[in-house]
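> Sequence first, then the predicted structure:
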Amino acid sequence: MDIPKLLMHYLELWLPTLFVLIFAMSLSWGISRFFNSPHRLFRNGRFHRQVILLLISIFSIFAFILALPLPDSVQNQLLGILGILLTAIIGLSSTTFAANAMAGFMLKLVRNFRKGDFIRVDNYFGRVTTRGLFHTEIQDTDSNLITLPNLYLITHPITTTQQTGTLISARVSLGYDVHYNEIVKALIKAAELTDLGDPFVQMTELGDFSVGYKVTGQLKNIKILITAESELRKHMFDCLHQADIEIVSPTFMNQRLLKEKILAEKESSQTATSEVSPESLMFQKADEAEVIDKLEGGFESLIEDLEKMKSELKSLPEDKKSEYEQKIALKQQQLDNLTDKIQKLNNKNQNS
């Protein structure tokens, strides 16, 4: 038996199969490298990478079967079995894998929130750090990372805090012995001290023993949302006590015979403040994800400007080309610096 001819014969038979296998592995590796470095499609890179790799895996399996050195009848049987298996897998996992993937596509089309946004879903509240094909990750007020399946997000109402600003409010229960005009003045003052715009007060409840009030104002800088809510309550406490208005429990029954009011001891309105805001600790990863998202938007804009300048350079006279080339070089330097910054932030975000 001629061993070299036999080896060449088997090599010719299995060469297409090996080629498909090597090509699929190289393509998957290349796609992963492509989405791990700054480029034009950097925005939502994780989502695009998951979709592309999923499609590559499915097509690679079919191509591998077709490339096997088997008779057509056997290949058809294998393809039929594979089709049945895929149908069974999709059917059995429709509530998890496939459903989460479809939910991811739906959220991508709706675009009701992005990285860095405050969202509330059922009992979960935090800032978005990651948006993927199958899940969305948020960072809560305890700086914990919570992974929510996309199917859960489309089956529950999502409350998104607008980047342009939001309304924050606080409630308080006060007695019937104080006129509401005095209360409104004190609560409006508390909202103004919190730097809330267009504050207003609502009477929310006439209880058996107390009256419910709600003060609301517009907060423009949503990154200090948690701090602003706390500061609003502190200023409410101070302003009400400075106006000699006692804060009572909703179930408090006023049966005192004397007109003397029992108030908390008044202290200076100046309160100790921390140099580090709570939000910077609570939402560290969400802040980084938001910065990356904005930098990637600037990255795309720089690429478009650079290509436009290069095309305009060709039509310029020779005496003006030198000056314009310097502008292009400066723009290229900005692009390189931004690329390095995005890469460093991405590496830090992936390691955290």
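Thanks, I have the structure now.
> just the helices in the protein please.
Assigned by DSSP state H, the helices in the chain fall at 3-35, 45-67, 72-92, 97-110, 150-154, 180-193, 225-242, 278-282, 284-314, 318-351.
> average pLDDT across the longest one?
Spelled out, it's helix 318-351. In this model, helix 318-351 has an average pLDDT of 78.
> cool, the first one as well?
This predicted structure assigns helix 3-35 an average pLDDT of 77.
> again, but for stretch 99-109
Per-residue pLDDT values over stretch 99-109 give a mean of 83.
> now that stretch: how far from the chain's centre is it?
Its chain's C-alpha centre lies 15 Å from the corresponding centre of stretch 99-109 when counted by Cα atoms, centre = their mean, to the nearest Å.
> Could I get the buried residue list for it?
Burial within stretch 99-109, assessed by neighbour count using 16 or more other Cβ atoms under 10 Å, is assigned to Ala99, Asn100, Ala101, Ala103, Gly104, Leu107. C-beta here means a position set from N, CA and C on the backbone, and glycine is covered the same way.
> Could you list the low-pLDDT ranges of the stretch 201-350 of the chain?
By pLDDT under 70, the weakly predicted segments of the stretch 201-350 of the chain are 249-282, 284, 348-350.
> With respect to Gly212, which of the helices of the chain lies nearest?
helix 180-193 (11.0 Å; Cβ to Cβ).
> Just the C-alphas of the closest one, formatted as CSV.
Extracted as CSV, the C-alpha positions of helix 180-193 are listed here (Å, rounded to 0.1, in the frame of the first residue of the first chain):
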residue,chain,number,x,y,z
TYR,A,180,-51.5,75.3,55.0
ASN,A,181,-50.2,78.7,53.8
GLU,A,182,-47.5,78.6,56.4
ILE,A,183,-46.6,75.0,55.5
VAL,A,184,-46.4,75.8,51.8
LYS,A,185,-44.0,78.7,52.4
ALA,A,186,-41.7,76.5,54.5
LEU,A,187,-41.7,73.6,52.0
ILE,A,188,-41.1,75.9,49.0
LYS,A,189,-38.2,77.4,50.9
ALA,A,190,-36.8,73.9,51.5
ALA,A,191,-37.1,73.1,47.8
GLU,A,192,-35.3,76.3,46.8
LEU,A,193,-32.5,75.6,49.3
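> For stretch 15-28, which residues meet the burial criterion?
Of all the residues in stretch 15-28, those buried under the rule 16+ other Cβ under 10 Å are Thr17, Val20, Ala24.
> ok, and the closest non-adjacent residue to Tyr152?
Nearest in space to Tyr152, with sequence neighbours left out and distances taken as Cβ to Cβ, 6 or more residues apart in numbering, is Val121 at 7.2 Å.
> which residues sit in contact with that neighbour?
Taking Cβ atoms under 8 Å, 6 or more residues apart in numbering as the contact definition, Val121 lies against Leu148, Tyr152, Leu153, His156, Pro157, Ile158, Thr159.
> surely the first one meets Asp140?
No - distance between Leu148 and Asp140: 11.1 Å, which falls outside the contact criterion (Cβ atoms under 8 Å).
> between the two, what contacts are shared?
In contact with both Leu148 and Asp140: Tyr124, using Cβ under 8 Å, 6+ apart.
> closest to Ala67 among the buried residues of stretch 99-109?
Nearest to Ala67 among the buried residues of stretch 99-109, counting by Cβ to Cβ, is Ala101 at 27.2 Å.
> rewinding a little: weed out the non-buried ones from the contacts of Val121.
Buried by 16+ other Cβ under 10 Å: Leu148, Tyr152, Leu153, Ile158, out of the contacts of Val121.
> now, among those, which is nearest to Lys341?
Nearest member of the buried ones among the contacts of Val121 to Lys341, counting by Cβ to Cβ, is Leu148, at 29.2 Å.
> and the closest residue to Phe125 other than its chain neighbours, what is it in contact with?
Spatially, and ignoring its direct neighbours in sequence, Phe125 is nearest to Asp140 (6.4 Å; Cβ to Cβ, 6+ apart). Under the criterion of Cβ under 8 Å, 6+ apart, the contact list for Asp140 reads Tyr124, Phe125, Gly126, Ile146, Met282.
> domain assignment for the chain?
For the chain, the domain assignment from automatic domain parsing gives the residue ranges 3-92, 111-160, 166-275, 283-351.
> just these: most buried one?
Most buried of the domains of the chain by mean neighbour count (mean count of other Cβ atoms under 10 Å) is domain 111-160; its value is a mean of 17.
> Report the distance from it to the chain centre.
Relative to its parent chain, domain 111-160 has a centroid offset of 7 Å by Cα atoms, centre = their mean.
> Cool, thanks, signing off.
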